[in-house]
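K.L.:
No sequence on hand, only this structure:
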Ligand SMILES: Cc1cc2nc3c(=O)[nH]c(=O)nc-3n(C[C@H](O)[C@H](O)[C@H](O)COP(=O)(O)O)c2cc1C
Ligand code: SF4
Ligand code: FES
């Protein structure tokens, strides 16, 4: 399997256009591709001007929540005399998502440049890149690029001969999905358990080390240099009013050509699945798709005409999330798939909230029972009830993350659950 | 050429082992240990923030972290051993017990699950003659089930020490195990196969 894939569907490779070119990893190779020109330009701009360009571009956070990036930056206090921090979220652990890894391992300097420009916009003196611990090789590639940046006056003191200084440090995680949640990430950075905290305080008020902090995803930051170089209107030539620009799509599951692709936002989901990824390897019909990573709601095989924008997928009853469609063919055992997803969340719950800690493990136990043919008809009602109790009552949205796929699978594939119920118990009611 | 470690990158040295040294005595009294500690401390405004990097360093040297190491890390960072223990147990990548020379982690999460990951896992267990999590008698292998490794388009994904193997099918497992068995110093059977990697 090679990367990037060819595609029958028109790709718009802006952010990913140098992925697959080994020498783009080096500073010389990166500069030959116009690298660090946007950083140079940003040095002649005020932080407010940089923030305004990003605001006008309509760029939305690519970590899952889709919060407008320029707006997030504008929450950072100005002239408060405190140190500010940027945290780049490279924890990438949402099942289905594998896009940030490609950005890091092919174009590490793009990420560093994005971090530096963002740091300048928010007045950060230090950018921490929190990379999930399993990404060893990616970390090594990024390490080499950070060293090059320091050695060539692109990081540290007096960047590009200016009076502006900013440090860049890579911080390796150690295996915890919850460290991807922004407050969990900052706790982890500080040497604590990666437990999320209840907001307020918001990161922009008191984040890492108690100081104003902005947390942004890898892909979000990697989009910043091209926006600064080409302008907000250029970025808005793609996508919709509410979902401008291009987006990386991590496609996995039952696909003939799984992998990462970059598209202008707004194509029909079915085009991505069938034209770009070639549909299922067996040629069998698609039974279900989880479009935005494992914490988004299931779509049926006949609900795939929706537009791949934040609003389009929301209208379809799911979410864009991390833009990571997981495709399941006709033969898929939906209950087993849902059980596996639930196991993940039960394993990764940090345990602070009862509804999440107990709820996720109850869900797993009930699904296992149904899978084993020991289910009772009332189990479906119990699962719905658990969904209700786990929604909107916890410190972070991990508990909600299991509700989206679970509830939608019950709604859309109820027959699959019922088919597994123990016959004697069904008769008894 | 002298081995240079840039202060910017020291905190994030990969810490799952490829080559393992026997390491006796206080880790932070070795030259490497002192240097790592100092470098990590220079990157954060608090001492405590160097905790994950230092636990990672210990594991990179020894392959696992034992209670005595936690005491040492605690002393170096002015923390209590109980606190360090609570951190070491929270994060799954810290090995609290020794593992085999080839530490095999098979992702069985959703995208891999859809691509026969459970079969791959069982095949690894059968070929290495181990039960999940135990060290094989010859000390060569430990096989465990892992959560999503962030490479779902290349299912099934298997991590061996610090490398990813991609597109692993049950049929490929015997060959992979044989290759690992012959490999010296815990070297793995090659890096990512998607044309990427370091
Ligand atoms: C349980 C959980 C896990 C998360 N994991 C990640 C992750 O691995 N990577 C990421 O970028 N964002 C993750 N997020 C979202 C972050 O909390 C945060 O919204 C994001 O990093 C902000 O960056 P953005 O505005 O650029 O998207 C996660 C959120 C939750 C609730
Ligand atoms: S919802 Fe779950 S993961 Fe999030 S803080 Fe509560 S217990 Fe932890
Ligand atoms: S599901 Fe296996 S790597 Fe993500």
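P.N.:
That came through fine. Note that the structure is predicted; figures quoted are calculated from it, not measured. Ligands and ions are numbered 1, 2, ... in the order given.
K.L.:
mind listing what residue A:14 touches?
P.N.:
Residue A:14 makes contact with A:226, A:246, A:262 under the criterion CB atoms under 8 Å, 6 or more residues apart in numbering or on different chains. Bear in mind the C-beta positions are built from the backbone N, C-alpha and C, glycine included.
K.L.:
give me the low-pLDDT residue ranges for the chain?
P.N.:
As the question left the chain open, I've gone with chain A. Regions of chain A meeting the criterion pLDDT under 70 cover residues A:1-8, A:423-429.
K.L.:
To clarify, I was referring to chain B.
P.N.:
In chain B, residues with pLDDT under 70: B:1-25, B:184-198.
K.L.:
residues near the residue in it that ligand 1 sits nearest to, how many?
P.N.:
Nearest residue of chain B to ligand 1: residue B:150, at 8.4 Å (CB to the nearest ligand atom). As a burial measure, residue B:150 scores 26 neighbours (other CB atoms under 10 Å in any protein chain shown).
K.L.:
neighbours around the closest residue in space to it that isn't next to it in sequence, how many?
P.N.:
Sequence neighbours aside, residue A:92 is the residue nearest to residue B:150 in space, at 4.5 Å (criterion: CB to CB, 6 or more residues apart in numbering or on different chains). A count of nearby residues for residue A:92, using other CB under 10 Å, gives 30.
K.L.:
any idea how far residue A:356 is from residue A:92?
P.N.:
According to CB to CB, to the nearest Å, residue A:92 stands 21 Å off from residue A:356.
K.L.:
Closest to residue A:215 out of the contacts of residue A:14?
P.N.:
residue A:226 (21.2 Å; CB to CB).
K.L.:
Just confirm residue A:262 contacts residue A:15, I think it does.
P.N.:
Yes. Using CB atoms under 8 Å, residue A:262 is in contact with residue A:15, at 6.1 Å.
K.L.:
Mutual contacts of those two, please.
P.N.:
Common neighbours of residue A:262 and residue A:15 (CB under 8 Å, 6+ apart) are A:246, A:248.
K.L.:
all strands of the stretch 101-250 of chain A, in order?
P.N.:
Ranges of strands in the stretch 101-250 of chain A, per DSSP state E, counting those that start in this stretch, are A:124-131, A:167-172, A:213-217, A:246-253.
K.L.:
And the ones you listed: which comes nearest residue B:85?
P.N.:
Smallest distance to residue B:85 across these (CB to CB): 19.8 Å, for strand A:167-172.
K.L.:
what separates the closest one from the chain centre, distance-wise?
P.N.:
In terms of CA atoms, centre = their mean, to the nearest Å, the centre of strand A:167-172 is found 20 Å from the chain centre.
K.L.:
about what we covered before: can you lay out the strands of the stretch 101-250 of chain A as CSV showing distance to residue A:187?
P.N.:
Shown next, in CSV, are these (distance: least, CB to CB, whole Å):
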stretch, distance to residue A:187
strand A:124-131, 11
strand A:167-172, 12
strand A:213-217, 12
strand A:246-253, 27
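K.L.:
nearest to residue B:138, of the ones you listed?
P.N.:
The minimum distance between residue B:138 and those falls on strand A:167-172, with 30.5 Å, by CB to CB.
K.L.:
mind giving me the domain ranges of chain B?
P.N.:
B:7-90, B:102-188 (automatic domain parsing).
K.L.:
Need the winner for burial among those.
P.N.:
Mean neighbour count (mean count of other CB atoms under 10 Å in any protein chain shown) peaks for domain B:102-188 among these, with a mean of 21.
K.L.:
re the thing from before, is it possible to get a markdown table of the strands of the stretch 101-250 of chain A that adds mean neighbour count and distance to ligand 1?
P.N.:
Below are the strands of the stretch 101-250 of chain A laid out as a markdown table (neighbours: other CB atoms under 10 Å in any protein chain shown; distance: least, CB to the nearest ligand atom, whole Å):
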| stretch | mean neighbour count | distance to ligand 1 |
| --- | --- | --- |
| strand A:124-131 | 25 | 9 |
| strand A:167-172 | 24 | 14 |
| strand A:213-217 | 26 | 3 |
| strand A:246-253 | 27 | 12 |
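K.L.:
Need these in a markdown table (columns: distance to chain B).
P.N.:
Formatted as a markdown table, these follow (distance: least, CB to the nearest CB, whole Å):
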| stretch | distance to chain B |
| --- | --- |
| strand A:124-131 | 7 |
| strand A:167-172 | 4 |
| strand A:213-217 | 12 |
| strand A:246-253 | 4 |
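K.L.:
Out of the ones you listed, which is closest to residue B:89?
P.N.:
Here strand A:167-172 is closest among those (CB to CB), at 17.8 Å.
K.L.:
mind checking which helix or strand residue A:86 is in?
P.N.:
With secondary structure defined by DSSP states H and E, residue A:86 is part of strand A:84-90.
K.L.:
contact partners of that strand?
P.N.:
Under CB under 8 Å, 6+ apart, the answer for strand A:84-90 is A:63, A:76, A:100, A:104, A:111, A:115, A:118-119, A:122-132, A:135, A:180, A:182, A:185-186, A:189, A:207-209, A:211-218, A:221.
K.L.:
check contacts around the residue of chain B found nearest ligand 2.
P.N.:
Closest residue of chain B to ligand 2, CB to the nearest ligand atom: residue B:90 (11.7 Å). Going by CB under 8 Å, 6+ apart, residue B:90 touches A:176, A:193, A:194.
K.L.:
Mind checking the strands of the stretch 101-250 of chain A for the one nearest to ligand 2?
P.N.:
The closest of the strands of the stretch 101-250 of chain A to ligand 2 is strand A:213-217. By CB to the nearest ligand atom, the value is 15.7 Å.
K.L.:
what lines up beside the closest one in the sheet?
P.N.:
Paired strands of strand A:213-217, with direction, are strand A:84-90 (parallel) (DSSP bridges).
K.L.:
The strand it pairs with and ligand 1, any residue contact?
P.N.:
Yes. Under the criterion of CB under 6 Å from any ligand atom, ligand 1 is reached by strand A:84-90 at residue A:89.
K.L.:
Just want the angle from that strand to strand A:124-131.
P.N.:
Orientation note: strand A:84-90 sits at an angle of 20 degrees relative to strand A:124-131 (axes from the mean of the first three to the mean of the last three CA atoms, to 10 degrees).
K.L.:
got the angle for strand A:84-90 vs strand A:167-172?
P.N.:
Strand A:84-90 and strand A:167-172 meet at an angle of 40 degrees, taking the same axes, to 10 degrees as the criterion.
K.L.:
Off-centre distance for strand A:84-90?
P.N.:
That offset, for strand A:84-90, works out to 15 Å (CA atoms, centre = their mean).
K.L.:
same check, this time on stretch A:33-48
P.N.:
For stretch A:33-48, the distance to the chain centre is 26 Å (CA atoms, centre = their mean).
K.L.:
what's next to it, contact-wise?
P.N.:
Residues contacting stretch A:33-48 (CB under 8 Å, 6+ apart): A:18, A:24, A:27, A:30, A:50, A:53, A:78, A:109-110, A:113, A:116-117, A:120-123, A:154, A:159-160, A:162, A:164, A:224-226, A:228-229.
K.L.:
can you tell me which of those residues are in helices?
P.N.:
Within the contacts of stretch A:33-48, residues falling in helices by DSSP state H are A:27, A:30, A:50, A:53, A:109-110, A:113, A:116-117, A:120-122, A:224-226, A:228-229.
K.L.:
Pull out the buried members of the residues you listed.
P.N.:
Buried members of these, scored by 16 or more other CB atoms under 10 Å in any protein chain shown, are A:27, A:30, A:50, A:53, A:109-110, A:113, A:116-117, A:120-122, A:224-226, A:228-229.
K.L.:
Check which helix or strand residue A:343 maps to.
P.N.:
Going by DSSP H and E, residue A:343 is part of helix A:334-348.
K.L.:
what's the next secondary structure element after that helix?
P.N.:
helix A:354-371.
K.L.:
That next one and ligand 2, are they touching?
P.N.:
Yes. Contact of helix A:354-371 with ligand 2 (CB under 6 Å from any ligand atom) involves A:356, A:357.
K.L.:
Buried residues in that helix, which are they?
P.N.:
A:355-364, A:366-371.
K.L.:
Test my guess that residue B:78 contacts residue B:50.
P.N.:
No. Taking contacts as CB under 8 Å, residue B:78 lies outside contact range of residue B:50: 10.6 Å.
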